[in-house]
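**Q** no sequence on hand, only this structure:
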């Protein structure tokens, strides 16, 4: 199971109900923080989560509403005995940005920070991988996808059909290897199937561009900013953001299964349904997220 906790869902200006952007993805031993807006460590407290469990931070870009929570979070980890290497990923220029940030707020001495500028598939385990694609936002900016790989599963009904008892050889089947039992060879392809993987994409701060839909294609969950309503499309393009209708069109064109809309402008604080309704007209399975909402997939 993959758990997504929305620690902050506002745009560049927070409101009484919405904090700056930060999203935590939890899967097995990984706690991956996507962006770290001002006040993120306090949002951890509100959500009942331990920031010391964070393993990686994915920064979409260097703008303040996505990064100003970093100095406090890094210091808190230092004060509370964080002992892992903290991996921080981001677009071109993020290394210099982190150097300047640490120079300003004080270097971290008691744990290691590994900062990497990335593109394409940049981290992989036998179970999942992370990838990035460049976006358009005035400064170097990337979108991210977390992809849980499809797993090879044994079809137990086939074991019964061929009268194969469960045993140590099942390990070979799970690796896709053919097996021999009582002198007869059984092909792995006849006894196994591939369980579908899971793709979760994060598109935070970008103007409309041709790279978005191909990058998030077939997402089980697309998490996307919609800072502006339909009638403000010109302003959205001017500031490097997306409108509610554009987000719905991206979800539809990319064949995504579910869309969660975030990074909502404070101008819609008392009329959030406007954004959601405009998105739903294009892509029905759209949902508007709020601070501290949790989604499991």
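**A** Perfect, thanks for sending it. Computed from a prediction, not measured in an experiment: that's the story for all the values here.

**Q** tell me the domain ranges of this structure?
**A** If you go by automatic domain parsing, the domain ranges for the chain are 3-150+196-296, 152-193.

**Q** would you agree residue 286 is in contact with residue 256?
**A** No: using C-beta atoms under 8 Å, residue 286 is not in contact with residue 256, being 10.0 Å away. (Glycine included, C-beta is placed from N, CA and C.)

**Q** all helices for the stretch 101-250 of the chain, in order.
**A** Along the stretch 101-250 of the chain, counting by DSSP state H, counting those that start in this stretch, helices occupy 156-161, 170-174, 188-191, 212-215, 233-239, 244-253.

**Q** and after the longest one, which helix or strand comes next?
**A** Stepping forward along the backbone from helix 244-253, the first helix or strand reached (DSSP states H and E) is strand 259-262.

**Q** paired strands for that following strand, with orientation please.
**A** Paired strands of strand 259-262, with direction, are strand 221-225 (parallel), strand 286-288 (parallel) (DSSP bridges).

**Q** could you list the low-pLDDT ranges of the stretch 151-297 of the chain?
**A** Residue ranges of the stretch 151-297 of the chain with pLDDT under 70: 167-170, 174-176, 188, 192-195.

**Q** looking at the helices of the stretch 101-250 of the chain, which is buried most?
**A** The highest average neighbour count among the helices of the stretch 101-250 of the chain, using mean count of other C-beta atoms under 10 Å, belongs to helix 244-253 at a mean of 23.

**Q** pick the most deeply packed of the strands paired with strand 259-262.
**A** strand 221-225 (a mean of 26).

**Q** next, the angle from it to helix 244-253.
**A** Here strand 221-225 runs at an angle of 160 degrees relative to helix 244-253 (axes from the mean of the first three to the mean of the last three C-alpha atoms, to 10 degrees).

**Q** what about strand 221-225, distance to the chain center?
**A** Put simply, strand 221-225 sits 9 Å off its chain's centre (C-alpha atoms, centre = their mean, to the nearest Å).

**Q** quick one: contacts for residue 178?
**A** Remark: with contacts taken as C-beta atoms under 8 Å, 6 or more residues apart in numbering, residue 178 is in contact with 172, 185-188.

**Q** thinking again about what came up before, looking at the domains of the chain, which is buried most?
**A** domain 3-150+196-296 (a mean of 19).

**Q** quick check: residue 31 touching residue 52?
**A** No: with contact defined as C-beta under 8 Å, residue 31 and residue 52 do not form a contacting pair (9.3 Å).

**Q** which residue of the chain sits farthest from its center?
**A** residue 183 (48.1 Å; C-alpha atoms, centre = their mean).

**Q** how about the strands in the stretch 101-250 of the chain?
**A** Secondary structure of the stretch 101-250 of the chain by DSSP state E, counting those that start in this stretch: the strands cover 113-117, 120-124, 128-134, 142-148, 151-154, 179-181, 184-186, 192-195, 198-203, 221-225.

**Q** and the angle from the first one to strand 142-148?
**A** On the basis of the same axes, to 10 degrees, strand 113-117 is oriented at 110 degrees to strand 142-148.

**Q** tell me the helices and strands packed up against strand 113-117.
**A** strand 86-90, helix 94-105 (3 or more C-beta pairs under 8 Å, 6 or more residues apart in numbering; DSSP states H and E).

**Q** distance to residue 247 and mean pLDDT added to these, as JSON lines?
**A** Output for those, formatted as JSON lines (distance: least, C-beta to C-beta, whole Å; pLDDT from 0 to 100):
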{"stretch": "strand 86-90", "distance to residue 247": "23", "mean pLDDT": "98"}
{"stretch": "helix 94-105", "distance to residue 247": "25", "mean pLDDT": "96"}
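
**Q** mind putting the ones you listed into a markdown table with distance to residue 200?
**A** As requested, the helices and strands packed on strand 113-117 are arranged in a markdown table below (distance: least, C-beta to C-beta, whole Å):
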| stretch | distance to residue 200 |
| --- | --- |
| strand 86-90 | 16 |
| helix 94-105 | 22 |
